[in-house]
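A.B. asks: show me how the following folds:
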Amino acid sequence: CILASRQNENGGACPFCRTPTPDSAAALLALVQKRADAKDPVAIELLASAYFDRCYGLQQDIHWAIELWTEAARLGDLGAHFKLGGFYYHGEGVEQD
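C.D. replies: Next up, the predicted model:
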């Protein structure tokens, strides 16, 4: 919704659900969390990145970010696959066997 509303010229509302574009980090995080709860892989990947990068007022939680990326990858998000691959390649934050 957020990307679509920024690309659309209908006053900043999502062309799919007509939700206005959030104007605060808390409102944006609430929308992303709602989509993540609905198992939207892109939203889950965005939430994982937010935890990893300390965005939207979140505390950094690398373990939770990796769990979220794993879920997003399981649901088919290619960006999550890429990020997890980097962690496994470098051996950061994941178990080595």
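
A.B. asks: contact partners for the residue nearest to residue 76 when sequence neighbours are not counted?
C.D. replies: Once flanking residues are discounted, residue 76 sits nearest to residue 41: 5.6 Å by Cβ to Cβ, 6 or more residues apart in numbering. Heads up, the C-betas are built off the backbone N, CA and C, glycines and all. By Cβ atoms under 8 Å, 6 or more residues apart in numbering, residue 41 lies in contact with 71, 72, 73, 75, 76, 77, 80.

A.B. asks: residue 84 now?
C.D. replies: Shown in contact with residue 84 (Cβ under 8 Å, 6+ apart): 66, 69, 70, 73, 94.

A.B. asks: and it, that's in a helix?
C.D. replies: Yes: counting by DSSP: H, G, I helix; E, B strand; the rest coil, residue 84 is located in a helix.

A.B. asks: what about it, distance to residue 91?
C.D. replies: Remark: distance between residue 84 and residue 91 (Cβ to Cβ, to the nearest Å) = 12 Å.

A.B. asks: now do residue 26, the pLDDT please.
C.D. replies: For residue 26, the pLDDT comes out at 86.
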